[in-house]
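Asks: Fold the following and give me the result.
(2 chains)
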Amino acid sequence: MAVETRNMRKFLNDPSQVVKESLAGLAAAHSDLVRYDAAAQIIVRKDAPKRGKVALISGGGSGHEPLHGGFVGMGMLDAAAPGEVFTSPVPAQMLAATKAVDGGAGVVHIVKNYTGDVLNFKLAAEDAADEGIKVTSVVIDDDVAVQDSLYTAGRRGVGATVLAEKIAGAAAENGADLTKVTDLVKRVNDRARSFGVALSSCVPPASGKVIFELPEGEIELGIGIHGEPGRRRAALGTASEVVDVMVEAVVTDLKAKRGSKVLVFVNGMGGTPLLELYLVYGEVDKKLRKAGLEPVRNLVGSYITSLEMAGASLTVLELDEELIKLWDAPVHTPALRWGV
Amino acid sequence: MDAATITSWMREINVAVRAERDHLVQLDAAIGDGDHGTNMVRGFEAVVQALDADGGQPPGKLLILAGRTLVSTVGGASGPLWGSALRSGGRVLGDQPNFDGGQLVEVLAAALASVKDLGTASVGDKTMVDALEPAVETLRARLAEGVALDRALDDAASAAETGMRATIPIQARKGRASYLGERSVGHQDPGATSTALIVRALQKAVGQGS
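Replies: Predicted coordinates:
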């Protein structure tokens, strides 16, 4: 079945099967690292459960690949529960993932702050507790584009999710206990801030239509990761001008001490090539140094995406010696690999 | 009213969300992420199948089965919210084989309470509560005035539709639309819209039975 509409040409057999077929493909490509439980629709680390190790799981809508399935493996997640495109998974998936990875030392749920994700993870955590599994949950909410107030559902969880999964995953691999691993996820969330910009919209396979129309010469500032429109629309400026907005938003909110060491995560939204992401990184690096911060680690690439959206997000994490050590620790997953 | 009323209510919802699927997607694309119509169709399709496979239970148990099915098939926010709502409503009826208008009010009131509790939303936040709460209050008031059940349900469905339209000028304070701030103004809330369909479906289902 060829799938083509006026708005899209996609590699699809049947739009309703896109998530399942993609997960099966991920497992086929990385059978040394992960397995795919098709009945439960979860990706599980090949050697899970690991006796005595704290396990980490995450989940959320699909369409953000490699998040989360691509981060399952040594030194990061133990399982991922992917929902339909841009739709949170159902509690049965998180429960199945929790049971599949519990090695007796407890399971940490890393939840991005979106109403659907929060509600479904909450129900799953209650079910897991009923079955006698120790579960802690941390909600990631690093997006400074949303005012955290009574008037919103709170800040969204975006780029800090990847950094928290890597850093807390390393600690769990080293034998840290449930409290320590949970606190590390919280610490990364507390010390990280993000801001995203869209240069184009994206097309969910099920609807075949762009989520929003962007008039010529305009960009969306303050986007999340579900193709939802941003906080406001602005004229497309030079890369330097757009990065000014991103850095200003993040730095103002982070309030790090002058001279602080930071990790800079320049993330592509799916449709922006590395050619441009490195250009953006160069601008960010310069401007952060001018603002008195010292980038000592970085991650540049498309790791938490919105289908084929063009755009980028910036996440800045204030580091300390412990976080640096855990960031540098070995990781071996489909999407992140070093030190092995 | 009995188990057949619940089954026909779920069937009417399925027909309605199917017919309005594209409209719900369109409303959700404007201020959310465009999956609401698809999710509701997937959920109520599964509910109808579950009831077909597992009939012969009392009405309360059917509502609990419907709620459990929604939680396990929909995802997003609407899955847990409507799933918990129907489960809470079903628990009110226990194992009894029949229920009257007064008990129907209690079922809907329990559903509303569970949505407000889980979603921490109130009227005016631009959510499904804006349609559900006026429907429950109207049904309770009309029945107390001695109005016949089918007319009272018609008024409740109209109240839900009025509440749905009232979401257009307000700024969202809960759910994904709240991220847009002022830009959510001028759009009808998709959750309130599907809620109005669900209340209207109840009126049709009860009408068929009488």
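
Asks: which of the residues in the lowest-mean-pLDDT helix or strand in chain A are buried?
Replies: Lowest mean confidence among the helices and strands of chain A (mean pLDDT, DSSP states H and E): strand A:232-235, at a mean of 88. By neighbour count on 16 or more other CB atoms under 10 Å in any protein chain shown, the buried set for strand A:232-235 is A:233, A:234. Placement of C-beta: from N, CA and C, glycine included.

Asks: helices and strands around it, which ones?
Replies: Here strand A:232-235 touches strand A:218-221, going by 3 or more CB pairs under 8 Å, 6 or more residues apart in numbering or on different chains; DSSP states H and E.

Asks: Could you spell out the sheet neighbours of the strand it packs on, each with its direction?
Replies: Taking DSSP bridges as the criterion, strand A:218-221 forms sheet pairs with strand A:192-198 (antiparallel), strand A:232-235 (antiparallel).

Asks: Can I get those in JSON lines including distance to residue B:66?
Replies: Output for the strands paired with strand A:218-221, formatted as JSON lines (distance: least, CB to CB, whole Å):
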{"stretch": "strand A:192-198", "distance to residue B:66": "38"}
{"stretch": "strand A:232-235", "distance to residue B:66": "41"}
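
Asks: looking at those strands, which is closest to residue B:73?
Replies: Nearest to residue B:73, of all the strands paired with strand A:218-221, is strand A:192-198, at 30.4 Å by CB to CB.

Asks: Residue A:220 pairs with what?
Replies: With DSSP bridges as the rule, residue A:220 is bridged to residue A:198, residue A:233.

Asks: okay, now it: neighbour count?
Replies: 24 (other CB atoms under 10 Å in any protein chain shown).

Asks: List the contacts of it.
Replies: Contacts here follow CB atoms under 8 Å, 6 or more residues apart in numbering or on different chains; on that basis residue A:220 touches A:197, A:198, A:212, A:214, A:229, A:230, A:232, A:233, A:311.

Asks: Just give me the least confident of those.
Replies: The lowest pLDDT within the contacts of residue A:220 belongs to residue A:229, with 69.

Asks: Past the least confident helix or strand of chain A, which element shows up next along the chain?
Replies: helix A:239-254 (DSSP states H and E).

Asks: about what we covered before: so which of the strands paired with strand A:218-221 is nearest residue A:9?
Replies: Closest approach to residue A:9 among the strands paired with strand A:218-221 (CB to CB): strand A:192-198, 20.4 Å.

Asks: got a list of contacts for the closest one?
Replies: By CB under 8 Å, 6+ apart, the residues outside strand A:192-198 that reach it are A:142-145, A:158-160, A:163-164, A:214, A:219-225, A:230, A:242, A:245-246, A:249-250, A:253-254, A:265, A:269, A:306, A:309-318.

Asks: Which among the contacts of residue A:220 count as buried?
Replies: A:197, A:198, A:212, A:214, A:229, A:230, A:233, A:311.

Asks: out of those, what pair is the most spread apart?
Replies: A:197 and A:212 (13.9 Å).

Asks: can you pull out the helices in chain B?
Replies: B:3-19, B:21-31, B:36-53, B:59-73, B:78-93, B:101-119, B:129-144, B:149-165, B:190-209 (DSSP state H).
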